[in-house]
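# Provided below for reference: sequence and predicted model.
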Amino acid sequence: MNDSVPAYSLFELVERFGGEVVGDGSVRIARVATLENAGSDAISFLANERYLHQLKSTAAAALILAPSARDAVDRPRIICSNPYLLFARVSALLNPERALEPGPHPNAVVAASASVDPTAQIGACASIGAGARVGPRTLIGPGVSIGRDAAVGADSRLHAGVSVYDGCLIGDRVIVHSGAVIGADGFGLAFDGERWVKVPQVGRVRIGNDVEIGANTTIDRGALEDTVIEDGVKLDNQIQIAHNVRIGAHTAIAACTGIAGSVQIGRYCRIGGAVGIAGHVTIADHVEISGHTSITKSIDIRGAYSGVYPFETNRAWRRNAVHLRHLAEMARRLARLEEELEKFRGSRGES
Amino acid sequence: MNDSVPAYSLFELVERFGGEVVGDGSVRIARVATLENAGSDAISFLANERYLHQLKSTAAAALILAPSARDAVDRPRIICSNPYLLFARVSALLNPERALEPGPHPNAVVAASASVDPTAQIGACASIGAGARVGPRTLIGPGVSIGRDAAVGADSRLHAGVSVYDGCLIGDRVIVHSGAVIGADGFGLAFDGERWVKVPQVGRVRIGNDVEIGANTTIDRGALEDTVIEDGVKLDNQIQIAHNVRIGAHTAIAACTGIAGSVQIGRYCRIGGAVGIAGHVTIADHVEISGHTSITKSIDIRGAYSGVYPFETNRAWRRNAVHLRHLAEMARRLARLEEELEKFRGSRGES
Amino acid sequence: MNDSVPAYSLFELVERFGGEVVGDGSVRIARVATLENAGSDAISFLANERYLHQLKSTAAAALILAPSARDAVDRPRIICSNPYLLFARVSALLNPERALEPGPHPNAVVAASASVDPTAQIGACASIGAGARVGPRTLIGPGVSIGRDAAVGADSRLHAGVSVYDGCLIGDRVIVHSGAVIGADGFGLAFDGERWVKVPQVGRVRIGNDVEIGANTTIDRGALEDTVIEDGVKLDNQIQIAHNVRIGAHTAIAACTGIAGSVQIGRYCRIGGAVGIAGHVTIADHVEISGHTSITKSIDIRGAYSGVYPFETNRAWRRNAVHLRHLAEMARRLARLEEELEKFRGSRGES
């Protein structure tokens, strides 16, 4: 993202991030790249054995490798236990965030009673409501709306077009991508026999530190108490989080997942894409859920859970799917057959 | 949402909303709260038996209870047939919407030919197109775009960042949450053998009165005629409604549901989250559909429908899923076994 | 969308678009309409046999029909092999896009170093970043954000509230609907044993020519290389495309589909709504996938694929679903029964 970053030698990189240099440690690195397209100023990495064949042909100046691949190549390299992690750190060093342009853009609208740190950048056509607070070194992108009495901490980045409703709280070092909506009303309705009556949603959304929220993800405010996203949670795009959900620290959730009201998710969970979690379900710490699975009841035991119907050709599918509707009957027929065979056996004196 | 609301006695509440006071009806209520966190100025409610144990320990000043729980506690209380509904009404009384600041914000852009009621509020950086109309006491939030010749009725609230395309019509007392898009082109394409040709989408979206539309929900304009959302429909977040859909009055749909083109949904339906409804399907009035179900053909009879694959541990799942691909064969083998047992029986002279 | 378009005779239409006139070719057409609601200045079409009965009663001035329906009606008509395609072309002629109002709106914000063609229209409260380029006759709607060094080609239309991140490239004749987000960070995270470390996403999004992108669709930038949407791709609303995906030319994807990282989709595929495609999967050209299917491994052979669980009444569903959890056991019992029957047969001297 920045073309004039300085270069670093392998020695400098291991001094910062650990690992062991094998080969010429004075090689200087200016960028990160894939094995396939790395040039002579780039470092690449191997985290997945299936790209091993690309190691031979890469033109990368240097590589980040696990001990098991130490001798798979003779280019300069850094050996470490988690190449992807070290790569992430090298990449962050080589691709620093662009420096802010502090202060509000002339076309931004900041309420008189809002409190915006002078080191924060407020983008064009952004709107900061009455009583809202924006912390130091935080970037509020173009067209972002920060509601009345809402607050964003330090070193956070809200990209173009994010909406934060009144009273919602966002911590430090939080990244929110475009189109995300924080604090819209939860879906709270009472039925009077003829029509729906809206239940006011008087809770807020509270987002901890070091959280990332993907593009067009929505997090509803609580009905009475707050919806809570704890520290270090990572949410991908187009996730829906309903009112009064709590997501435990360091849980990561892939795109398009929907989480219904009052769900409690533990810490360090990993939830795949397009998962659905039914209302009031509780999920323990360290649970992994495969993509496209419907979670319809609580999970108390850590482990991996799945329920993804396998696809087939239309022809095979049609042949199988018709029997899905007759599973109960099939189970009954099977039980009866077992029973009758048993009778035959009995009538013949067999055991 | 508002800290200086007046307080109401239980007597005043039942006078407005019905119910029977048991205990000291002069107790004054300033806020609503959960059983667990209610303070001495708060009213709480019990709508679900599973929170019955919290009744004993609540510090709420008063409670809203069903007749069955009348004697479960001796605090001041209102007894009524639908505690959640009465609670909704009390909460609305205690949490009134913030008063508008009428007129367009200096940074709003209102076309000269637009007609905006003087009691409407137009937020910062909102854009009201030529010929558009905005009714009395309606709130247009920051950054909202109202297209050319579009119209919004009275007492409606469009939150920050809503987009309404040209010509679309929104009724009275409608709430639209941030990021919702009303009237984008439907997905109409004709294939010429080599490439897709766009079919102009010349219909509009017409939204009735008392509708609520969730954050980042999208409702496409009709191809030739209009997409219609009837009165009292409630849509949660991230719902997709394709062109020429009609949703009957007072139907409620949970988040992440996708409704394909020309679907007709009846009145008073309740549709769960992440449901998919295939194109041209018709659904009768009073149909309930469980979350995550795929509706692939019309439903003519009111009732409850479901099709949610139960999740399991990965290990159990893998063991079962492999047989899903062999269901047709299993059904055949079962039928053959029945037939052969029958033959055995026949050969032994059994019935 | 435009009330004062000129009218065209059937003769003029077939001269432009092909087909054969049957009946009075001098009839003049001013608009397109459905069979049901067409008036005396409208042309309608029949593309689906199931609307054949409406042909009898339509008041349309003229019709577009396939050869098989040539004699189904005696109104003036155009006979052609693909009525829907010809209809699309007639409709585009009769519903031209509104002419642009060139130049930036006074409330738009265009960086000094941005390069905006003088024939482009930049809407109210749009923001064009430093070094960005906007081509001739392109419409940038209200509140759109174009990031630093991003580029949009000629004759494109970005509707209100679109966000294009830094460095992303959009071709000619591209339509992007409201709320779409192009180039947010991919979901790249490395785990350090205690917390997630962000992997900088330094690739871009590159979008070819003649692409359409639906409302609130999100396309993430690549991690190291670019996410690529080739020419003629059509994406419906609320689609999620993760980092480093490549979608081949002229592929069409319906709403709510989610495509995980590094997926490669071929050319001329047709993918239904709410499909999920797992990471690193490759899909051949000319593959069709039914709505709501989970694609969990690569598809190398063109054809149609499906995996949609059939819905049922709740009662039938509950009866069947319980056996889904016992499929492995059912398969085992079945095999054992076959074996035992075989033994009986053997003991009776049967073959």
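That came through fine.
# Which residue ranges of chain A form helices?
For chain A, the helices defined by DSSP state H cover A:10-17, A:52-57, A:83-94, A:314-324, A:327-347.
# so how far is chain C from the residue nearest the centre of chain A?
Nearest to the geometric centre of chain A sits A:Leu235, at 3.0 Å (C-alpha atoms, centre = their mean). Taking C-beta to the nearest C-beta, to the nearest Å as the measure, A:Leu235 falls 9 Å from chain C. Just so you know, the C-beta spots here come from the backbone N, C-alpha and C atoms, and that holds for glycine as well.
# what's near enough to touch that residue?
A:211-214, A:217, A:229, A:241, A:252-253 (C-beta atoms under 8 Å, 6 or more residues apart in numbering or on different chains).
# if we can go back for a sec, now for the helices of chain A, which one comes closest to C:Ala132?
For C:Ala132, the closest of the helices of chain A is helix A:83-94, at 24.0 Å, according to C-beta to C-beta.
# Helix A:10-17 and that closest one, what's the angle between them?
100 degrees (axes from the mean of the first three to the mean of the last three C-alpha atoms, to 10 degrees).
# Let's test this: mean pLDDT of helix A:83-94, rounded?
Across helix A:83-94, pLDDT averages out at 97.
# next one: stretch A:63-77
According to the model, stretch A:63-77 has a mean pLDDT of 95.
# and the end-to-end length of that stretch?
5 Å (C-alpha to C-alpha, to the nearest Å).
# what does stretch A:237-249 give?
OK, stretch A:237-249 end separation, C-alpha to C-alpha: 18 Å.
# and A:Cys125, what does it touch?
A:105, A:107-109, A:142-143, B:107, B:124-125, B:143, C:107, C:109, C:125, C:127, C:143.
# Give me the distance between it and B:Gly222.
31 Å (C-beta to C-beta, to the nearest Å).
# Equivalent analysis for A:Ser298, please.
For A:Ser298, the distance to B:Gly222 - C-beta to C-beta - is 43 Å.
# Who has more neighbours out of these two?
Shown here are A:Ser298 and B:Gly222; by other C-beta atoms under 10 Å in any protein chain shown, B:Gly222 has more neighbours (25 against 14).
# right, and the more buried one touches B:Gly186 too?
Yes. B:Gly222 is in contact with B:Gly186 according to C-beta atoms under 8 Å; the separation is 6.8 Å.
# joint contacts of these two?
In contact with both B:Gly222 and B:Gly186: B:201, B:203, B:243-244, using C-beta under 8 Å, 6+ apart.
# just for chain A, where's the confidence low?
A:1-5, A:348-351 (pLDDT under 70).
# Run through the residues that contact A:Leu279.
Residue A:279: Gly, not Leu. A:242, A:260-263.
# tell me, how many neighbours does A:Ala66 end up with?
Neighbours of A:Ala66 (other C-beta under 10 Å): 17.
# Would you check how far apart the residue lying closest to it once chain neighbours are set aside and A:Ala62 are?
Spatial nearest neighbour of A:Ala66, chain neighbours left out: A:Pro83 (5.4 Å); criterion: C-beta to C-beta, 6 or more residues apart in numbering or on different chains. A:Pro83 sits 12 Å away from A:Ala62 when distances are taken as C-beta to C-beta.
# tell me the most buried of the helices of chain A?
helix A:83-94 (a mean of 22; mean count of other C-beta atoms under 10 Å in any protein chain shown).
# Send over it as CSV, restricted to the C-alpha atoms.
Output of helix A:83-94 as CSV, limited to C-alpha atoms (Å, rounded to 0.1, in the frame of the first residue of the first chain):
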residue,chain,number,x,y,z
PRO,A,83,5.8,-19.0,9.5
TYR,A,84,2.4,-17.5,8.8
LEU,A,85,2.5,-15.5,12.1
LEU,A,86,6.0,-14.3,11.5
PHE,A,87,5.0,-13.4,7.9
ALA,A,88,2.1,-11.4,9.3
ARG,A,89,4.5,-9.4,11.5
VAL,A,90,7.0,-8.7,8.7
SER,A,91,4.1,-7.7,6.4
ALA,A,92,2.8,-5.2,9.0
LEU,A,93,6.3,-3.7,9.3
LEU,A,94,6.6,-3.4,5.5
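# From the contact counts, what lies against that helix?
Helices and strands touching helix A:83-94, by 3 or more C-beta pairs under 8 Å, 6 or more residues apart in numbering or on different chains; DSSP states H and E, are strand A:8-9, helix A:10-17, strand A:31-32, strand A:42-45, strand A:62-65, strand C:189-191, strand C:196-198.
# Apply 7 Å and report the result again.
Applying 3 or more C-beta pairs under 7 Å, 6 or more residues apart in numbering or on different chains; DSSP states H and E, we find helix A:83-94 packed against helix A:10-17, strand A:31-32, strand A:42-45, strand A:62-65, strand C:189-191, strand C:196-198.
# tell me the domain ranges of chain A?
A:8-94, A:316-347 (automatic domain parsing).
# Contacts only, for A:Val211.
A:171, A:174, A:229, A:232-233 (C-beta atoms under 7 Å, 6 or more residues apart in numbering or on different chains).
# go with 6 Å
A:174, A:229, A:233 (C-beta atoms under 6 Å, 6 or more residues apart in numbering or on different chains).
# Equivalent analysis for A:Asp117, please.
With C-beta under 6 Å, 6+ apart, A:Asp117 has these contacts: A:135-136.
# Against A:Ala154, how distant is it?
8 Å.
# Check A:Asn216 too.
Distance from A:Asn216 to A:Ala154, by C-beta to C-beta: 25 Å.
# quick one, which of those two is more surrounded?
A:Asn216 (30 against 17).
# quick one: the more buried one from chain B, how far?
5 Å.
# now that residue, nearest residue through space, not along the chain?
A:Asn216 sits nearest to A:Gly179 (C-beta to C-beta, 6+ apart), 4.0 Å away.
# The one you found and C:Val181 touch, don't they?
Yes. Using C-beta atoms under 6 Å, A:Gly179 is in contact with C:Val181, at 4.9 Å.
# Overlap of the contact sets of the two?
A:Ala215.
# Those residues of the stretch 251-351 of chain A touching chain B, which are they?
By the rule C-beta under 6 Å from any C-beta of the partner chain, the part of the stretch 251-351 of chain A lying against chain B is A:258, A:260, A:276, A:293-295, A:303-307, A:309-310, A:319-320, A:323, A:330, A:333, A:337, A:340.
# same for chain C: which of the residues you listed are within range?
Contacts with chain C within these, counted by C-beta under 6 Å from any C-beta: A:309, A:337.
# For A:Ile265, give me its contacts.
A:247-248, A:251, A:283.
# Now with 10 Å, please.
A:229-230, A:233, A:241, A:245-248, A:251, A:253, A:259, A:271, A:277, A:281-285, A:287, A:289, A:295, A:299 (C-beta atoms under 10 Å, 6 or more residues apart in numbering or on different chains).
# Tell me the bridge partners for it.
Note on A:Ile265: beta-bridge partners A:Ile247, A:Ile283, judged by DSSP bridges.
# distance of it from A:His280?
A:Ile265 sits 12 Å away from A:His280, going by C-beta to C-beta.
# Check A:Ala242 too.
In terms of C-beta to C-beta, A:Ala242 sits 11 Å off from A:His280.
# any idea how far the residue in the stretch 201-350 of chain A positioned nearest to chain C is from B:Leu86?
Closest to chain C within the stretch 201-350 of chain A is A:Phe311: 3.4 Å, counting by C-beta to the nearest C-beta. Distance of A:Phe311 to B:Leu86, given as C-beta to C-beta: 48 Å.
# For burial, what's the neighbour tally of A:Ser68?
11.
# In contact with it, which residues?
Contacts for A:Ser68 were tallied using C-beta under 10 Å, 6+ apart; they are A:46, A:49, A:52, A:79.
# my read: the second one touches A:Pro83, true?
Just to be clear, that refers to A:Glu49. No. Contact status for A:Glu49 versus A:Pro83: not in contact, 11.6 Å apart, counting by C-beta atoms under 10 Å.
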